[in-house]
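A.B. asks: Structure for the following, please:
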Amino acid sequence: MSAPNGQPHGLDADRPLRGIRVVELGNYIAAPTAGRLLADFGAEVVKVERPRTGDELRTWRLYAGETSMLYRTINRNKRSVEIDLRTEEGRDTVLDLVRRSDALIENFRPGTLDRWGLSADVLSEANPELVVARVSAFGQTGPMAGRPGFAAVAEAFGGMRDLVGDADRPPARVGVSIGDSIAGLYAAFGVVMSLFDREQRRRLAADPVTPSDRHVDVALHEAVFSMMESLVPDYSAYDVLRQRTGGRMEGIAPSNAYLCADETSVVIAGNGDSIFGRLMRTIGRDDLAEDADLAGNAGRWARRDELDEAIETWTRRLPRAEVLRVLDEASVPAGPIYRAEDIVDDPQYRARGMVQHLPIEVEGAVREVAFPGIVPVVGQVSLPIETLGPDLGQDTAWMLGLLGRGPDAGTPTAGRDPDPDPDTDTDTEDEATA
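C.D. replies: I've put the predicted structure just below:
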């Protein structure tokens, strides 16, 4: 297998994408998450950032310094280069990079790259075998394709927001950018799928699929919608509209969070038929274990308040550790509700390398900072993080050397405002995802 520039690909049992080069365009979380997943498993991801300010994520949740830990996490194992995409030399630089790459990921509003001279036809001419993944709010087609929209909008439009929270108050939001992350997963899967297709076509000496012929089209709201299980089929078949149920899952009982004696909480999932019996006997409610009306989920859901009250009456008598010990002995699924401080000290996370400590400057001093490991595990433990999200433009010189360009090519004019036209600013009008 060889890359477009004719160089042989390396083979790495742990990082099977070693030798694949990906150009990442865009800001925030969705496309960068796709790039992060590919980079985690060996792809060389070249993150193109606008001059001087870079990806806006650099300043999100910034508690000190110039680059947030959010940026360092989402953009780990990547290179950062500064290119002004609005200039002709910036466009030419990107096209030179595309000629030496396998894939391109972008999350601008549809039509933005076309206006910058990087249309599908132009990309196809530069590299007919290029895999292109596009992430946008509403997809590349349809009546809403041109609209901007961040994950918050997509989570609402995709049906998720309506189910989060308690029924007696407005919908809440999951505490992370879940819509962006799901879209990033789909984009990464689409890239790997397309790379596999490319290799199959090479093996069969078939014509390549060009960016003009096909691209991976990930819409944020569709990525969310795809996670909504039987939301629409239940409505279509039975006229059932799912409702917000707080910590419960509709139609499944008992499964909820319960307060313990030490004011901590646990999640207990006693909704399996045999598990339910064991749970009720464990908490001293043999009467409920033997109640024929509670033998199936439908009956238990109808009496969910009664069951939750019985369980919490028991958990409130014991500290969390004792609750979990007793339930573990009874083979009842249960777990603590963790905060960050609990995760970094947990032996299960440590055993699988899921919390990795890397040195980084924090408020003027180098510290060992904990970062989430690489998923999925390949082998026995999480692969080690090779590098954290890079400083802005730290690999620009490397890129110019790769392209055989002078030190000033593709970089902004000194002192120039990188955002001269607010109507086409990538972080307002053109950027599609958050």
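A.B. asks: From here on, just use CA atoms for contacts and neighbour counts.
C.D. replies: Noted.
A.B. asks: now the farthest one out in the protein, which residue is it?
C.D. replies: D287 (45.0 Å; CA atoms, centre = their mean).
A.B. asks: so that one sits in a strand?
C.D. replies: No - when DSSP: H, G, I helix; E, B strand; the rest coil is applied, D287 is found to be helix, with no strand at that position.
A.B. asks: Please report the distance of it from R109.
C.D. replies: Distance of D287 to R109, given as CA to CA, to the nearest Å: 59 Å.
A.B. asks: Please apply the same query to L70.
C.D. replies: 23 Å.
A.B. asks: So which of the two has more stuff around it?
C.D. replies: Ranked by neighbour count (other CA atoms under 10 Å), L70 and R109 place R109 first, with 27 against 18.
A.B. asks: if I pick A289, what's in contact with it?
C.D. replies: Contact analysis of A289 by CA atoms under 8 Å, 6 or more residues apart in numbering lists 276-278, 280-281.
A.B. asks: So among these, which ones count as buried?
C.D. replies: 276-278, 280 (16 or more other CA atoms under 10 Å).
A.B. asks: Among these, which one sits closest to F157?
C.D. replies: F276 (35.7 Å; CA to CA).
A.B. asks: Looking at M249 now. What's its pLDDT?
C.D. replies: On pLDDT, M249 comes in at 89.
A.B. asks: these two touch, right, it and S255?
C.D. replies: Yes - counting by CA atoms under 8 Å, M249 does reach S255; the two are 7.2 Å apart.
A.B. asks: I'd assumed V378 was in a strand, is it?
C.D. replies: No - using three-state DSSP, the secondary structure at V378 is coil, not a strand.
A.B. asks: per-residue confidence for it?
C.D. replies: 89.
A.B. asks: Could you report the neighbour count for it?
C.D. replies: 13.
A.B. asks: swap in F138?
C.D. replies: 27.
A.B. asks: In contact with it, which residues?
C.D. replies: 144-147, 149, 219-222.
A.B. asks: of those residues, buried ones?
C.D. replies: Buried, going by 16+ other CA under 10 Å: 145-146, 149, 219-222, out of the contacts of F138.
A.B. asks: Could you identify the least confident member of these?
C.D. replies: G149 (86).
A.B. asks: For it, give its distance to A253.
C.D. replies: 36 Å.
A.B. asks: do D197 as well
C.D. replies: 44 Å.
A.B. asks: Wait, I337 touches E263, no?
C.D. replies: No - the criterion here is CA under 8 Å, and I337 misses it with E263 at 11.6 Å.
A.B. asks: The two - which one has more neighbours?
C.D. replies: For I337 versus E263, neighbours defined as other CA under 10 Å are more numerous around I337 (14 against 11).
A.B. asks: Grab the nearest non-local neighbour of L25.
C.D. replies: Nearest residue to L25, sequence neighbours excluded (CA to CA, 6 or more residues apart in numbering): E106, at 4.6 Å.
A.B. asks: swap in T264?
C.D. replies: Per CA to CA, 6+ apart, closest to T264 is R320, 6.4 Å.
A.B. asks: which ones are touching the one you found?
C.D. replies: If you count contacts by CA under 8 Å, 6+ apart, then R320 has 260-262, 264-266, 336 around it.
A.B. asks: any idea how far it is from S265?
C.D. replies: The value you get for R320 to S265, if CA to CA is used, is 7 Å.
A.B. asks: Which neighbours do those two have in common?
C.D. replies: P336.
A.B. asks: Next, give phi and psi for K78.
C.D. replies: Main-chain dihedrals, K78, degrees, to the nearest 10: phi -110, psi 170.
A.B. asks: neighbours around it, how many?
C.D. replies: Neighbours around K78, by other CA under 10 Å: 28.
A.B. asks: element containing the residue lying closest to it once chain neighbours are set aside, please.
C.D. replies: Nearest non-adjacent residue to K78, counting by CA to CA, 6+ apart: V45, 5.0 Å away. Element membership of V45, judged by DSSP states H and E, is strand 44-49.
A.B. asks: buried residues in that strand?
C.D. replies: Using 16+ other CA under 10 Å as the test for burial, strand 44-49 gives 44-49.
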